[in-house]
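> Attaching a predicted model along with its sequence, questions to come.
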Amino acid sequence: MLSTIVSFLRYRAAAVILGGMMLFLDQTANSAAIIEGERMHPVEARNGMAVTSHFLATRSALEVLEQGGNAIDAAATAAFSLAVTQPRSGNIGGGGFMLISSEQKGEVIAIDYREKAPSGAAVDMFLDESGEVDTNRSRFSHLAAGVPGTVAGLALALETYGTISLKQALAPAIALAEEGFVVTPRFSQGLKAAEKRLKKWESSRKIFYKADGGYYEPGDRFVQKELAETLKRIAANGVREFYEGKTAELLVAEMKRHGGLISMADMKSYEPLIRAPVQGLYRGYDIYSMSPPSSGGAHIVQILNILEGYDIGGSGHNSARTIHLMAEAMKRAYADRSKYLGDEDFVKVPLEGITSKKYASELAKGIDIEEAAVSQTIAPGEPQPYESDETTHFSIVDRYGNAVSNTYTINFSYGSGIVVDGAGFLLNNEMDDFSSKPGAPNAYGLIGGEANKVEPNKRMLSSMSPTIVKKDGKNFLVTGSPGGSRIITTTLQVIMNVIDHGLNIKSAVAAPRIHHQWLPDELRVEEGLSPDTIKILKDMGHNVVRKSSMGAIQSIMVVDGMVYGAADPRRSTALAAGM
Ligand code: GLY
């Protein structure tokens, strides 16, 4: 304990909250010692904050901020560090979305680095001989991988808004891969749970298990030499290394050995895009969230628009009435998602219609305030005009008025389970986010249609919802979450907990959550709702189902120049740290 405190003093680490526990970090041993009990207050700082799902990534990001870097520098650094320390979701073999808000420039932009279908992809590639979806092929084979976007996306963020080089952003990740880090209980448990999937592939087995097949246990040091070499090549040769150099060659060779589709031409032609985020206005707050190919922003704004017509604050936090209204609004939004959302570069998404106040008030007319609608009686609406279970999120704010909200993923925990032999990173299984067959649910039970069918070079529909809320031109709330189909509703609830219910950011993040996604017709709730609330909801006709916790929302709130961070207590390794 003494050495931990000495280390804390030596490294000037702030007191931090990890999974709701106040900790001091021991930098030399990569371990954390709990010295204080649980608190429900956020971490407070004045000059910057990083909140990620892994304390080592938070620390990498905070060091960048301390050295004068901005939030974008810290974000790229955190993302590469997570790729090493949290292989279940942190990645260079996947993709995601980053929202950047610059108060100085008065703009919010979105970087879309979502994976793309390879050029050889076909609409029926995941259907078996009898026309049914072969989920093994779409989730656990080399065909499951989309062309990865992470490295290009992070490089673009740095080029556009950063002040440090790609090499500098990679340095902490390279050290963590090369020297290793101490295994946490969560890390160890994750690999044990995914053993069957990962051990199927020798390239994965040799990375994630000991030579004799044994497990990495808490306290062991975990080193990733192949990944370190890949990151070093990218640091030395730049972003094109991943897309045209030896790394690309290793990935394509992996595909060729096992019937995958990604070619050198696919790698070479991958491009991240800068997009305009979806924008909404909720009770005087400006909401910015991710635009297509994510459905997140569209439906967060749509649900908020529907709920704006009700006195949600007056109905009370997590009261039966509030939850009923939320569930009814969610059902309508997810019904629309099934029909209208897809990659806007391929299909016309009626974004303006979906996010319009007029359409929201039309939908609200169909809501009975006393009784739940049966989902089967709800169909996707007619928005006008027709114009158009692992992921990880982190939030970062700097002293220069920048905020970054980043969600990225390889889809499932450990993606497809397949490591690119010789390159040391896992391949995503994001192709399962396409609608393999209209009407057939994906792994999250989400129904999709024509708009999200598989097409060559198309981006698969996502629910990732990195979000920034501004008030009077200032960054106010930076938030987002993993959780598949639950990402949208998890993010929504933190926004509502703050704006409607006035909760501080820690309480907003920790509060029990609910979720409805139209189909299946169930109102999913976390532990913590009172039995009488559940009874009222059941009496209203809701099919209430208690399931495991949802999301892991790493959030920051800025109030009167003070920055408040909250790591989600649902993730034992999460950490908010400020300066
Ligand atoms: N793979 C989950 C999502 O993008 O929504």
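Looks like it arrived, so ask away.

> Only C-alpha atoms from now on, for both contacts and neighbour counts.
Will do.

> Would you mind giving me the confidence score for the residue of the stretch 101-250 of the chain found nearest the ligand?
Closest residue of the stretch 101-250 of the chain to the ligand, CA to the nearest ligand atom: Arg114 (8.2 Å). Looking at Arg114, its pLDDT reads 98.

> What separation is there between it and Leu82?
According to CA to CA, to the nearest Å, Arg114 and Leu82 sit 17 Å apart.

> Show me which residues of the chain sit near the ligand.
Asn411, Glu430, Ser462, Ser463, Met464, Gly484 (CA under 6 Å from any ligand atom).

> from what I can see Leu477 touches Val469, true?
Yes. The pair Leu477 / Val469 is scored as a contact, 4.9 Å apart, by CA atoms under 8 Å.

> Look at those two and report which has more neighbours.
Leu477 (29 against 23; other CA atoms under 10 Å).

> Skip ahead from the strand or helix carrying that one and say which helix or strand is next.
Here Leu477 sits within strand 474-479, counting by DSSP states H and E. Using DSSP H and E, the helix or strand that follows strand 474-479 in sequence is helix 487-499.

> now Leu477, nearest residue through space, not along the chain?
With sequence-adjacent residues excluded and distances taken as CA to CA, 6 or more residues apart in numbering, Leu477 is closest to Met557, at 4.5 Å.

> Only the C-alpha atoms, please, for stretch 400-413, written as CSV.
Extracted C-alpha coordinates of stretch 400-413, given in CSV (Å, rounded to 0.1, in the frame of the first residue of the first chain):
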residue,chain,number,x,y,z
TYR,A,400,-8.7,24.2,-25.5
GLY,A,401,-12.4,23.8,-25.9
ASN,A,402,-12.3,20.4,-27.9
ALA,A,403,-14.3,17.4,-27.0
VAL,A,404,-14.0,13.9,-28.6
SER,A,405,-16.7,11.2,-28.4
ASN,A,406,-15.5,8.0,-29.9
THR,A,407,-17.1,4.6,-30.2
TYR,A,408,-15.3,1.8,-32.1
THR,A,409,-15.7,-2.0,-32.3
ILE,A,410,-14.9,-5.3,-33.8
ASN,A,411,-18.6,-6.2,-33.2
PHE,A,412,-18.7,-9.3,-30.9
SER,A,413,-16.3,-9.6,-28.0
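
> Next, the buried residues of it.
Judged by neighbour count using 16 or more other CA atoms under 10 Å, the buried positions of stretch 400-413 are 401-413.

> wait, which of the residues you listed is closest to the ligand?
Asn411 (3.8 Å).

> tell me the contacts of that closest one?
Counting by CA atoms under 8 Å, 6 or more residues apart in numbering, Asn411 makes contact with Ser89, Gly94, Asp389, Glu390, Thr391, Asn428, Asn429, Glu430, Gly484.

> Narrow those residues to those in helices?
Of the contacts of Asn411, none are assigned to helices by DSSP state H.

> Make JSON lines from the residues you listed and add neighbour count and pLDDT to it.
Output for the contacts of Asn411, formatted as JSON lines (neighbours: other CA atoms under 10 Å; pLDDT from 0 to 100):
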{"residue": "Ser89", "neighbour count": "29", "pLDDT": "97"}
{"residue": "Gly94", "neighbour count": "31", "pLDDT": "98"}
{"residue": "Asp389", "neighbour count": "18", "pLDDT": "61"}
{"residue": "Glu390", "neighbour count": "20", "pLDDT": "79"}
{"residue": "Thr391", "neighbour count": "28", "pLDDT": "94"}
{"residue": "Asn428", "neighbour count": "33", "pLDDT": "98"}
{"residue": "Asn429", "neighbour count": "30", "pLDDT": "97"}
{"residue": "Glu430", "neighbour count": "31", "pLDDT": "97"}
{"residue": "Gly484", "neighbour count": "23", "pLDDT": "91"}
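
> And those residues, which is closest to Leu156?
Nearest to Leu156 among the contacts of Asn411: Gly94, at 15.5 Å, using CA to CA.

> Next, the contact list for the closest one, please.
When the contact criterion is CA under 8 Å, 6+ apart, the partners of Gly94 are 114-115, 146-150, 408-411, 427-428, 430.

> now the strands for the stretch 401-550 of the chain?
Under the criterion DSSP state E, counting those that start in this stretch, the stretch 401-550 of the chain contains strands at 402-409, 467-471, 474-479, 514-515, 523-525, 544-546.

> With mean pLDDT added, can I get these in CSV?
Output for the strands of the stretch 401-550 of the chain, formatted as CSV (pLDDT from 0 to 100):
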stretch, mean pLDDT
strand 402-409, 98
strand 467-471, 98
strand 474-479, 98
strand 514-515, 98
strand 523-525, 97
strand 544-546, 97
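
> would you turn these into TSV with distance to Ala298?
Shown next, in TSV, are the strands of the stretch 401-550 of the chain (distance: least, CA to CA, whole Å):
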stretch	distance to Ala298
strand 402-409	16
strand 467-471	11
strand 474-479	16
strand 514-515	17
strand 523-525	21
strand 544-546	26
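
> Show me what the residue of the stretch 51-200 of the chain found nearest the ligand bridges to in the sheet.
Of all residues in the stretch 51-200 of the chain, Gly96 sits closest to the ligand, at 7.4 Å by CA to the nearest ligand atom. Beta-bridge partners for Gly96, by DSSP bridges, are Tyr113, Tyr408.

> That one against Ser405, yeah?
No. Counting by CA under 8 Å, Gly96 sits too far from Ser405 to count as a contact (10.9 Å).

> which SS state does the residue nearest to Leu477 fall under?
Met557 falls in the strand class when you classify it by DSSP: H, G, I helix; E, B strand; the rest coil.

> Beta-bridge partners for it, please?
What pairs with Met557, by the bridge criterion (DSSP bridges), is Leu477, Tyr564.

> and the longest helix for this structure?
helix 320-340.

> Mind giving me the packing neighbours of it?
helix 296-307, helix 312-315, strand 514-515, helix 531-539 (3 or more CA pairs under 8 Å, 6 or more residues apart in numbering; DSSP states H and E).

> Could you identify the helix or strand that succeeds it?
Once helix 320-340 ends, the next helix or strand along the chain (criterion: DSSP H and E) is helix 351-354.

> What helices and strands are in contact with that next one?
Secondary elements touching helix 351-354 (3+ CA pairs under 8 Å, 6+ apart): helix 296-307.

> now what about the helix it packs on, what contacts it?
By CA under 8 Å, 6+ apart, the list of residues contacting helix 296-307 reads 277-282, 287-292, 325-326, 329-330, 333-334, 337, 351, 354-357, 360-361, 363-364, 462-465, 467, 487-489, 491-492.

> Which of the strands of the stretch 401-550 of the chain sits closest to Ala265?
Closest of these to Ala265 is strand 402-409, at 23.1 Å (criterion: CA to CA).

> quick check: angle from that closest one to strand 555-559?
170 degrees (axes from the mean of the first three to the mean of the last three CA atoms, to 10 degrees).
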